[in-house]
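> after the sequence you'll find the predicted model.
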Amino acid sequence: MTGAANESRFLPNLTTAFKAINVDEDIATAEFVDACDKVMPIFDHIGAVFYFAKHEMETKKKTVAAEAAVCPTLSSIVAKAKAEGNITVKNSPGRNLHRLLNTIMFISAIFKGLRVGKTLKDAVSEAYDATLGLLHAWLVRTGIKAGMIGLPSREHFLQSIGETEDTAKEHGEGFIEAADTLCMAISSLYSDVKMPVSDFKIGWN
């Protein structure tokens, strides 16, 4: 696969963006927001049940991006939120950053499931239970789990993002490693914070 072809595909773009983030220094807010931009397309490929997640991520990403001028690093966003006492307040930059962290963990967990041969449905279901599901109320979890019956097959998903089994493994490994390293670094900023369960609700109409 040529470099030019890689640049037009979701997974290589995602992997490159996450590998570019230097976690050995304070993580730059702008670089993190750019990496989040590269995550967004996956929600167009894993089924309509997760369209809400794309909208939620876009909203939270904008909140964090708006802080970049005064908080150029993620650690400064968290420190400011702690100082102002609003780190657990809905739609605050500190809380929204944490929600973005959980979404990245969700995507990483999906690729971990695919790496060991799971169907897309099983990979997504287990990833959801281990990440986003921990933050959702029972009614939301139940609705999302029921909607997973409509997820595409593993083969259709890989084809839709322009990957084969081999290329998905190649680029997926790089993303998993970079994303997990990043998530560990961000999680450490919240080690003394108990984040609340989301009050997100699914529209049933």
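Here it is on my side, so go on.
> mind listing the helices for the protein?
3-7, 10-19, 29-39, 51-66, 74-84, 93-115, 120-130, 138-147, 154-160, 165-188 (DSSP state H).
> surely R115 is in contact with K169?
Yes - the pair formed by R115 and K169 meets the contact definition of C-beta atoms under 8 Å, at 6.6 Å. Yep, even glycine has a C-beta here, placed from its N, CA and C like the rest.
> quick one, what contacts I42?
I42 sits next to 10, 14, 107, 161 when contact means C-beta atoms under 8 Å, 6 or more residues apart in numbering.
> for the chain, which spans come out with low pLDDT?
Low-confidence regions of the chain, defined by pLDDT under 70, span residues 1-7, 198-205.
> in this protein, which residue is most central in space?
Centrality entry for the chain: nearest residue to the mean C-alpha point is I104, 2.3 Å, by C-alpha atoms, centre = their mean.
> and that one, how far from I149?
With distances taken as C-beta to C-beta, to the nearest Å, I104 is found 25 Å from I149.
> over to S160?
Computed as C-beta to C-beta, the S160 to I149 distance reads 18 Å.
> try F175
27 Å.
> returning to that earlier point: so how far is G143 from the residue nearest to the centre of the chain?
23 Å.
> circling back to that earlier point, any chance of the helices of the chain in CSV with distance to H45 as columns?
Converted to CSV, the helices of the chain look like this (distance: least, C-beta to C-beta, whole Å):
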stretch, distance to H45
helix 3-7, 17
helix 10-19, 8
helix 29-39, 12
helix 51-66, 11
helix 74-84, 27
helix 93-115, 11
helix 120-130, 9
helix 138-147, 15
helix 154-160, 5
helix 165-188, 12
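> among those helices, which is nearest P196?
Taking C-beta to C-beta as the criterion, P196 comes closest to helix 93-115 out of the helices of the chain, the separation being 8.2 Å.
> what is the orientation angle of the closest one with helix 10-19?
Relative orientation of helix 93-115 and helix 10-19, computed by axes from the mean of the first three to the mean of the last three C-alpha atoms, to 10 degrees: 130 degrees.
> centre of the chain to helix 93-115, how far?
Relative to the chain's own centre, helix 93-115 is displaced by 3 Å; criterion: C-alpha atoms, centre = their mean, to the nearest Å.
> in it, which residues are buried?
Residues 93-114 are the ones in helix 93-115 that count as buried (16 or more other C-beta atoms under 10 Å).
> just stretch 49-56 next, same as before
Applying a neighbour-count criterion of 16+ other C-beta under 10 Å, the buried positions in stretch 49-56 are 49-50, 52-54, 56.
> thank you kindly, that will do.
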